[in-house]
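K.L.:
What follows is a predicted structure for the sequence shown.
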Amino acid sequence: MPQPRKIVITSALPYANGPIHLGHLVEYIQTDIWSRFQKMRGHECYYVCADDAHGTPIMLRAQAEGITPETLIARISKEHQQDFAGFNIGFDHYHSTHSVENQYFATTIYERLKAQNHISRKTIKQFFDPEKSMFLPDRFIKGTCPKCKATDQYGDNCEACGATYSPTDLIDPKSVISGATPIEKETEHLFFELAHFNDELKAWTHQGHLQTQIANKLDEWFESGLRAWDISRDAPYFGFEIPGEKDKFFYVWLDAPIGYMASFKALCDRKGLDFDDYWGKDADTELYHFIGKDIIYFHALFWPAMLSGANFRTPSAIYAHGFLTIDGQKMSKSRGTFIMAKTYLDHLNPEHLRYYFAAKLNSRIDDIDLNLEDFAQRVNSDLIGKVVNIASRCAGFVVKKFDGKLCEDWSPIALALYQSFLDKSESIAELYERREYVQAMRDIMALADKANEYIDDTAPWVLAKQPNQQAALHESVSLGINLFRVLITYLAPVLPDTALKSADFLQLTSLQWRDIEQPLVGHIIKKFKPLMTRIEAETLIKMMDASKGDIAAQAPKSTLGSTEATKANPASAPDPVATEIEFDDFAKIDLRIAKIVNAETVPEANKLLKLTLDIGLGQRQVFAGIKSAYDPSKLIGKHTVMVANLKPRKMRFGLSEGMVLAAGPGGKDLFLLNPDDGATPGMRVN
RNA sequence: GCCUCCUUAGCUCAGUUGGUUAGAGCACCCGACUCAUAAUCGGUAGGUCCUGUGUUCAAGUCACAGAGGAGGCACCA
């Protein structure tokens, strides 16, 4: 056994603007498995995390809900922690970036960087909302795309034609917050001079701190040159004020990673640990950050540069993972695959998901897929059919025939089999250590197969009927129980709750990795109770249905995609109501019920479907930008609503004689209007 | 537009520096068994290694081109 190591582990901080979903959980489960593994191995290991609580989206959402940001983030933090607890994520401490510790470290780091001349100032031009008196991030400005004239596009790029531009290029820009026309205004911002650390970072990224895939990716970034990082935001902003400045705040991404330190500091205060042992410049302890591949830039460049420049230690390693897809596709609200942690917990066992993720996770940054059918099969077969079954099929004999007592003496064959299980201990540990969980799970399941084969070979149910074979029977089932104990020990980082239940069944007080070196002899076990039940296909369907329901219930305030990448995305705020109009203006619009008599894709168009609509008075040809959300064959025969008197528009693909009505942000999330039963083509909509 | 990565059995994935008949688990099918949560054990079957061209004595593995997918850059971080 090597010397106990001192280890700090973190997962990326979830943003306090939305619920935890299965995509987040890949990371927390991956990290938690590693943390539990290290603890089982006898190391001194601390796993800390926190809510990332600052920034414009949080400020605005709090306003929209009529509460203070502090109230909002307190509520979200509670929700997050409930979800994490539900999945048995065992943080040693969970904190918030809106905390005194974080303010202290953010300020300290900033001041040290400033003292070393790593902070510069530059005046930039930015859009400003005159009604709300605040500067607007690009994503909070919408307008017409200067290139393709698509309306309602964000300030940074056009979702219709893919063009990128600056918000000042938008035609008819509007603030997403107030609807006002923004004005351009100059403002002075503070920048962190990342380029000062160019050589140091180049070296650091190739010293084994990163996965090779990532180190290579970073080389591309080095080639294009490191730019200074804008770290200030103007008031009003929910965050920490920058010392020595007026009405300037730290950008949320500056104090987010510092939250790792803050959380650990809070843990130190609680437990009497020495913070500098872990974060001081010359600390010889280990520090690991688990993150999603979307936030590599922040963690592999800004973060070590900030730490180094401020005279703190840099991380031992950064471990990035890929995204989660569900049934091979990105999580989608309309398909019900946007599954919240809570929704999952309402229907399924968290340990099942932990196992499935473990069975798919390796040390690389490839995306992993949650294939629901495979999920059920894999979990049922591996965990219930193989592992738990071993205990289940042996325990009855032990309890009924031997009063729950395991045998004392083992034959050479039994000893050899047990030893063969122990022989795998270090190689499985090595796989956990290297985060090759896939291989670890395979190896453990191969052992489970061996255990089942042994039971089959010795056939305790046959021995039980032969009075002179009681000793053989006793050994067979006792060894079965012992092998189960080894397996559940190996699986304990992945299945903490099942391990705990197993420990109770086996009457064990400890489930450390090394405990298995001493087999259970003459030991009393309890009556067996099912440790886990199977996943039913029906339950999965129910969960998917519930997910769709969740989306409907809280469509306007859901979060998107990955961990933190969407921080600046104001998807949470519904668009403001447009300028008031007269009834006459409304009456001009001739809306009609239309039957879709034909729908086909337009080969050269990315987003368009060509629809033929029957409105009673004849047929109309309409091009609609809904290809991403609808399969044309499924539209035929449906009724919807169209603007019948819209001036026809010549498009590259033909004449479009009207417009169908649909709601939603775009992509998969587009929803055609559908009249209630009874409406027939041609009816006017009032 | 430029760049990187991925594509192996119905599903999920292994395939070492190019070297015999390409592997595993699950599912399927057949047989055995009945201790066990219809679990387990044995066996059969299942592959144009995305496509094409090339390098080589030899290509899943190397090169080039193409298709599909993911991501990055150009804008932002």
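P.N.:
Perfect, I can see it now.

K.L.:
Okay, now the unreliable bits of the stretch 551-686 of chain A?
P.N.:
Along the stretch 551-686 of chain A, the model assigns pLDDT under 70 to residues A:551-588, A:600-608, A:626-634, A:647-655, A:663-671.

K.L.:
RNA strand B contacts on the stretch 401-550 of chain A?
P.N.:
A:438, A:442, A:445, A:449, A:452-453, A:455-456, A:459-462, A:530-534 (C-beta under 7 Å from any atom of the strand). For glycine as for every other residue, the C-beta is placed from the backbone atoms N, C-alpha and C.

K.L.:
Go again with 6 Å.
P.N.:
Proximity of the stretch 401-550 of chain A to RNA strand B, by C-beta under 6 Å from any atom of the strand, involves residues A:438, A:449, A:452-453, A:455-456, A:461, A:530-534.

K.L.:
In PyMOL, how would I select the buried members of these?
P.N.:
Listed next is the PyMOL selection for buried residues among those, using 16 or more other C-beta atoms under 10 Å:
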select buried, chain A and resi 438+452+455+531+532
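
K.L.:
Which residue in the residues of the stretch 401-550 of chain A next to RNA strand B has the weakest pLDDT?
P.N.:
Going through those one by one, the lowest pLDDT turns up at A:Val438, 87.

K.L.:
Correct me if wrong: it contacts A:Ser363.
P.N.:
No - A:Val438 lies out of contact with A:Ser363 (C-beta atoms under 8 Å); the separation is 9.4 Å.

K.L.:
show me where the stretch 201-350 of chain A has helices.
P.N.:
With DSSP state H, counting those that start in this stretch as the criterion, the stretch 201-350 of chain A has helices at A:212-224, A:252-271, A:275-279, A:296-297, A:303-309, A:341-347, A:350-358.

K.L.:
can you tell me which of those helices comes nearest to RNA strand B?
P.N.:
The stretch from those with the least distance to RNA strand B (C-beta to the nearest atom of the strand) is helix A:296-297; that distance is 4.3 Å.

K.L.:
what's the offset of that closest one from the middle of its chain?
P.N.:
16 Å (C-alpha atoms, centre = their mean, to the nearest Å).

K.L.:
and what of stretch A:67-81?
P.N.:
In terms of C-alpha atoms, centre = their mean, the centre of stretch A:67-81 is found 19 Å from the chain centre.

K.L.:
Quick one: name the residues of the stretch 251-400 of chain A near RNA strand B.
P.N.:
So the stretch 251-400 of chain A meets RNA strand B at A:253, A:294, A:297-298, A:328, A:360, A:362, A:367-369, A:371, A:374, A:377-378, A:381, A:384-386, A:388-389, A:392-393, A:396 (C-beta under 6 Å from any atom of the strand).

K.L.:
Make a ChimeraX selection of whichever of those turn out to be buried.
P.N.:
Here the buried members of those are turned into a ChimeraX selection, burial being counted by 16+ other C-beta under 10 Å:
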select /A:253,294,298,360,362,368,369,371,378,384,386,388,389,392,393,396
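
K.L.:
okay, the residues of the stretch 401-550 of chain A next to RNA strand B in JSON lines with distance to A:Ile7 next?
P.N.:
Rendered in JSON lines, the data for these read as follows (distance: C-beta to C-beta, whole Å):
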{"residue": "A:Val438", "distance to A:Ile7": "23"}
{"residue": "A:Asp449", "distance to A:Ile7": "33"}
{"residue": "A:Asn452", "distance to A:Ile7": "36"}
{"residue": "A:Glu453", "distance to A:Ile7": "38"}
{"residue": "A:Ile455", "distance to A:Ile7": "38"}
{"residue": "A:Asp456", "distance to A:Ile7": "41"}
{"residue": "A:Trp461", "distance to A:Ile7": "47"}
{"residue": "A:Pro530", "distance to A:Ile7": "35"}
{"residue": "A:Leu531", "distance to A:Ile7": "30"}
{"residue": "A:Met532", "distance to A:Ile7": "30"}
{"residue": "A:Thr533", "distance to A:Ile7": "35"}
{"residue": "A:Arg534", "distance to A:Ile7": "36"}
